[in-house]
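> okay, sequence plus prediction incoming.
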Protein chains: 2
Amino acid sequence: MPDTRHPLDPDDWGEFRALAHRVLDDMIAYLEDVRERPVWQPFPDAARQALEVGLSENGIGLEAAYEELQRNILPYAIGNVHPRFWGWVRGTGTPGGILAELITGTLNTSAWGGQQAAPYVEAQVLRWLATMLGYPESASGLLVSGCSMANLVALAVARDAMSGADATEDGLRALRRQPVLYGSTETHSSIEKAVGLLGMGRRSLRRIGVDADFRIDIAALERAIANDRAAGLQPIAVIGNAGTVNTGAVDDLAALALLCQRERLWLHVDGAFGALAALVPSLRPMVAGMEQADSLAFDLHKWLHIPYGVGCVFICDAPLHERPFHAAASYLEPLERGAAAGPHDFSRLGPELSRRFRALKVWMALRAHGTASFAEAIERNVAQARALAGRLRAASWAQVLAPVSLNVVCFRYVQPGLTDRELDQLNRRILIALQERGIAVPSATVIGGKFAIRVAIANHRSGEEDFDALLAGVEAIGKELAPIRA
Amino acid sequence: MPDTRHPLDPDDWGEFRALAHRVLDDMIAYLEDVRERPVWQPFPDAARQALEVGLSENGIGLEAAYEELQRNILPYAIGNVHPRFWGWVRGTGTPGGILAELITGTLNTSAWGGQQAAPYVEAQVLRWLATMLGYPESASGLLVSGCSMANLVALAVARDAMSGADATEDGLRALRRQPVLYGSTETHSSIEKAVGLLGMGRRSLRRIGVDADFRIDIAALERAIANDRAAGLQPIAVIGNAGTVNTGAVDDLAALALLCQRERLWLHVDGAFGALAALVPSLRPMVAGMEQADSLAFDLHKWLHIPYGVGCVFICDAPLHERPFHAAASYLEPLERGAAAGPHDFSRLGPELSRRFRALKVWMALRAHGTASFAEAIERNVAQARALAGRLRAASWAQVLAPVSLNVVCFRYVQPGLTDRELDQLNRRILIALQERGIAVPSATVIGGKFAIRVAIANHRSGEEDFDALLAGVEAIGKELAPIRA
């Protein structure tokens, strides 16, 4: 047999240890000093070109690779660890989280099941998360890579539970009637993707209009369901939003739960970030009804600040959960004892068989920080959003474009005499300048046809001075860039 | 506005730094001393119960959480970092990989796209991987959480490309004919799961028989296709295996490519671990034809030893890739400059929008170690499997149950006078004892109705002495446990 050299372990562990401690110090400094750096900077051509090297047979070694990484990669992240990052909806991460990732990589286990700590930790974390959100603890849950996957899992279960045939086994062509699903126009693109992937056809997702608060119009929803039934289609599910991506709106989930009960439809709540509002007593009423949903999807790398990527899905009626995912394979049959034994098999609850041990970082965060720290960070972000909107409403140069429900503020810079189209163009340039000057990273959206600067606050590092900087920056850049009109 | 305290950052960075360095030292020691520990040990009730604590409002702090982790989680992984772990097919991981995970958690970026290093790194890594496997560099690729997701993505693309209608938009009920797919009886369960999820019905996956080497029977496949066409069904795709999970068999991929060209079918190759054989010149002929596949899926956390979870999918005809995944959303519209600009949008190529920066650890591994180290580890594992099979064939107490193609050896302990059923029971007990005594972790499967101890060698730490220990262990335990018969 060949020799026992381990080509991928270090020749010299002492040398590796020294490098590792240096990397760790750099990473801690990266977080400790984050406020001193620009929130974002353009990715320069030189760094991009430096990455475009051919594959080499003989590596350059860990230390040299790390130096390249420091030069060409590390300075050019999107910026969501920074206190003035409010783009899209991104969590901040935590210093504890980087230790959890280090440990996860060391254990390097696959968390499908078996007689090891990982599945038990996941089961415990799932119980905690259900408790935190007020969802039934008897629900079946799964950690996935993010809310897009959580939505996919939930809608797969809904499809199989509601379509009146064994869709997984027999396929969609075996259904007597076309399944139809409903969500507001504000529903996230991942829902549409999931419906298409599951073979139901994206066209079968009905986009229902919203009210002035961007919440689904329940009367319009009822009419759409009645029309589809009359047309011989089969309504199966309603998607309720707890925190829409554009404006942070929360649908009237209690009303949707009532409607779904009456109409015998599956209620899925996409609570990507908004579900976490349930952690805060003063905000919990906003998501009332969520606990009655048949399924619930949310992210942990957004408002819970767990490092990317981890989301969660719950299915209330636990036995339904494995219908689209169960699989039998002789090499996976558990033995009565040994490494393969044990009650858990998470591969029966989602598309993945090999699974990163995502639960570890969630466990560590909740165990170390408790729920109060997270609730406090969430509550503070909502207060910050409301305060920001208040200051914008009071400013002569600003217009708030949507009501602020949770943590998202959509606004634009305005100047009398400019058309909407000119304002769109001006605000695009303001947003780009804010980012390029390293002042702040909001993102953009379109509200009622108007280009909006969108500040989504899911950042535990943001303080009052950061919003001061944003307001001062927008006003100054706006004045600088706005065309002078009589 | 509220104060600027950051509830999830440490009050005292010096204290955090001290803890972090301690954790790092522990993690390095965990890997350096891995050989001194049992490969696996049962997860004790006390540790399990210690995890079952209620959610607390006030956390116990990072240090105390880490101490609980050290006590109740860390010693109880499945064992794949150990030199004598050969269960299922699991990669070993690397010390460099733990640094990459630390850095990934610190950056904490979402790698969907935008003007940041992450998508450029991913694009570069994908080019490298295509080169490594001899797959066309013009292919469209995506890093996903593992091969199950890679198979799902590939079959979604195949469904939309081949089913003769816009399946994503209109749904499967709009298809004139039922799509049918083909794979051998050895095809992985994730293929069946994907076919079911995609709405085609698991029943539409035809399981074709195999030859004595567990390779798909091409003549039987041709007959099945002809029969299905005659029955008015629509054959769309063949799944070829590069390394089956049970025995490591590799289908005749060149013959499948020819057949698919002739029959105008999509060829998808599931190369979960076997695709990496292409890295080794002496093994590359085994996977010849793979480069002609319309899509290719494989794992990087198996035979490339990248930390869990990362796999890759390639779609040869790049424009087809985004058909099942494209999505438009006003909050995602790129601006001409700024953080959201840039040519990449990986969310259009798979189900995920938020995406962990998985490419970083792959980049770092390939850059630091080069391809030769990985090729050497793979070649050595194949040599080890062949040598192990040779020693088992020479042993009076052993029977090899399947030909050894790559790195999987299926065998059982035998004793004259015992029935197959008694041997099944005996070998189950031998396998459990091997694991419980911390000697080695093979897993199990069933070959031709016979219970098999399955040694899947995807471990860069295994050396000759480890296989000595396995053989000595099986023989001794077999003699100890076997019933005495005249």
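Structure's in. What do you need?
> all helices for chain A, in order.
Here chain A has its helices, by DSSP state H, at A:13-32, A:45-51, A:62-72, A:95-107, A:117-133, A:147-162, A:167-170, A:189-197, A:218-230, A:253-263, A:359-394, A:420-436, A:464-481.
> format those helices as a markdown table; extra columns: distance to B:A398 and mean neighbour count.
Bear in mind the C-beta positions are built from the backbone N, C-alpha and C, glycine included. Listed next are those as a markdown table, based on distance: least, CB to CB, whole Å; neighbours: other CB atoms under 10 Å in any protein chain shown:
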| stretch | distance to B:A398 | mean neighbour count |
| --- | --- | --- |
| helix A:13-32 | 37 | 17 |
| helix A:45-51 | 50 | 13 |
| helix A:62-72 | 41 | 18 |
| helix A:95-107 | 33 | 27 |
| helix A:117-133 | 33 | 22 |
| helix A:147-162 | 43 | 27 |
| helix A:167-170 | 40 | 22 |
| helix A:189-197 | 46 | 26 |
| helix A:218-230 | 64 | 15 |
| helix A:253-263 | 60 | 18 |
| helix A:359-394 | 39 | 21 |
| helix A:420-436 | 65 | 19 |
| helix A:464-481 | 68 | 17 |
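> for the closest residue to A:C410 other than its chain neighbours, list each beta-bridge partner.
Leaving aside its sequence neighbours, A:C410 sits nearest to A:A452 (CB to CB, 6 or more residues apart in numbering or on different chains; 4.0 Å). Applying DSSP bridges to A:A452 gives these bridge partners: A:T445.
> do I have it right that A:A452 meets A:A402?
Yes - here A:A452 reaches A:A402: they are 7.4 Å apart, a contact under CB atoms under 8 Å.
> give the residues shared as contacts by the two.
Residues touching both A:A452 and A:A402 (CB atoms under 8 Å, 6 or more residues apart in numbering or on different chains): A:C410.
> higher neighbour count, those two?
A:A452 (28 against 24; other CB atoms under 10 Å in any protein chain shown).
> what is the burial count for whichever residue of chain A sits closest to chain B?
Per CB to the nearest CB, A:G199 is where chain A lies closest to chain B, at 1.7 Å. By the measure other CB under 10 Å, the count of residues near A:G199 is 31.
> now the end-to-end length of stretch A:207-215.
End-to-end span of stretch A:207-215 (CA to CA, to the nearest Å): 12 Å.
> what residue is smack in the middle of chain A?
Centroid check for chain A by CA atoms, centre = their mean gives A:D299 as the closest residue, at 4.3 Å.
> just the pLDDT for it.
pLDDT recorded at A:D299 is 98.
> next one: A:A482
89.
> that one and A:L426 touch, don't they?
Yes - between A:A482 and A:L426 there is a contact at 5.8 Å, judged by CB under 8 Å.
> who touches both of the two?
Shared contacts of A:A482 and A:L426 (CB under 8 Å, 6+ apart): A:413, A:415, A:418.
> what subset of those is buried?
With burial judged by 16 or more other CB atoms under 10 Å in any protein chain shown, the buried subset of the shared contacts of A:A482 and A:L426 is A:413, A:415, A:418.
> closest to B:G271 among those?
Comparing these against B:G271 with CB to CB places A:Y413 closest, at 52.8 Å.
> for that closest one, which residues count as its bridge partners?
Note on A:Y413: beta-bridge partners A:A398, judged by DSSP bridges.
> ok, back up a step: now render the shared contacts of A:A482 and A:L426 as CSV, adding pLDDT and distance to A:L133.
Shown next, in CSV, are the shared contacts of A:A482 and A:L426 (pLDDT from 0 to 100; distance: CB to CB, whole Å):
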residue, pLDDT, distance to A:L133
A:Y413, 98, 37
A:Q415, 95, 44
A:L418, 96, 44
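> for those, please prepare TSV with the additional fields distance to A:S138.
Formatted as TSV, the shared contacts of A:A482 and A:L426 follow (distance: CB to CB, whole Å):
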residue	distance to A:S138
A:Y413	51
A:Q415	57
A:L418	57
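> ok, these vs B:E475, which is closest?
The closest of the shared contacts of A:A482 and A:L426, once distances to B:E475 are taken by CB to CB, is A:Y413, at 79.4 Å.
> before we move on, the earlier item: would you turn the helices of chain A into JSON lines with distance to chain B?
Listed next are these as JSON lines, based on distance: least, CB to the nearest CB, whole Å:
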{"stretch": "helix A:13-32", "distance to chain B": "4"}
{"stretch": "helix A:45-51", "distance to chain B": "5"}
{"stretch": "helix A:62-72", "distance to chain B": "4"}
{"stretch": "helix A:95-107", "distance to chain B": "3"}
{"stretch": "helix A:117-133", "distance to chain B": "4"}
{"stretch": "helix A:147-162", "distance to chain B": "5"}
{"stretch": "helix A:167-170", "distance to chain B": "4"}
{"stretch": "helix A:189-197", "distance to chain B": "4"}
{"stretch": "helix A:218-230", "distance to chain B": "14"}
{"stretch": "helix A:253-263", "distance to chain B": "21"}
{"stretch": "helix A:359-394", "distance to chain B": "3"}
{"stretch": "helix A:420-436", "distance to chain B": "4"}
{"stretch": "helix A:464-481", "distance to chain B": "4"}
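> now render these as TSV, adding distance to B:E36.
What follows is the helices of chain A, written out as TSV (distance: least, CB to CB, whole Å):
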stretch	distance to B:E36
helix A:13-32	14
helix A:45-51	39
helix A:62-72	24
helix A:95-107	16
helix A:117-133	20
helix A:147-162	39
helix A:167-170	47
helix A:189-197	46
helix A:218-230	63
helix A:253-263	54
helix A:359-394	23
helix A:420-436	52
helix A:464-481	50
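> tell me which of those sits nearest to B:E68.
Nearest to B:E68 among these is helix A:359-394 (6.7 Å), distances taken as CB to CB.
> next one: the closest one to chain centre, how far?
The chain centroid and the centroid of helix A:359-394 are separated by 15 Å under CA atoms, centre = their mean, to the nearest Å.
> got it, and stretch A:41-61?
Chain-centre distance of stretch A:41-61: 30 Å, with CA atoms, centre = their mean.
> need the pLDDT of A:G164.
On pLDDT, A:G164 comes in at 87.
> over to A:A277?
A:A277 is given a pLDDT of 98.
> please apply the same query to A:A231.
98.
> per-residue confidence for the residue nearest to A:C410?
At A:A452, the model reports a pLDDT of 97.
> swap in A:A368?
pLDDT, A:A368: 97.
> so it touches B:E67, yeah?
No - counting by CB under 8 Å, A:A368 stays clear of B:E67, with 10.8 Å between them.
> can you pull out the low-pLDDT segments for chain A?
Across chain A, the ranges flagged by pLDDT under 70 are A:1-6, A:331-332, A:485-486.
> hang on, A:Q292 packs against A:L267?
Yes - contact criterion CB under 8 Å: A:Q292 and A:L267 qualify, at 7.0 Å.
> enumerate every residue touching A:V269.
Contact analysis of A:V269 by CB under 8 Å, 6+ apart lists A:239-242, A:253, A:275, A:290, A:293, A:295-297.
> got it, and A:L102?
Here A:L102 is in contact with B:23-24, B:27, B:98, B:101-102, B:105 (criterion: CB under 8 Å, 6+ apart).
> and which of those is nearest to A:R35?
B:G105 (19.2 Å).
> could you check how far that closest one is from chain A?
According to CB to the nearest CB, to the nearest Å, B:G105 stands 3 Å off from chain A.
> fine by me, thanks again.
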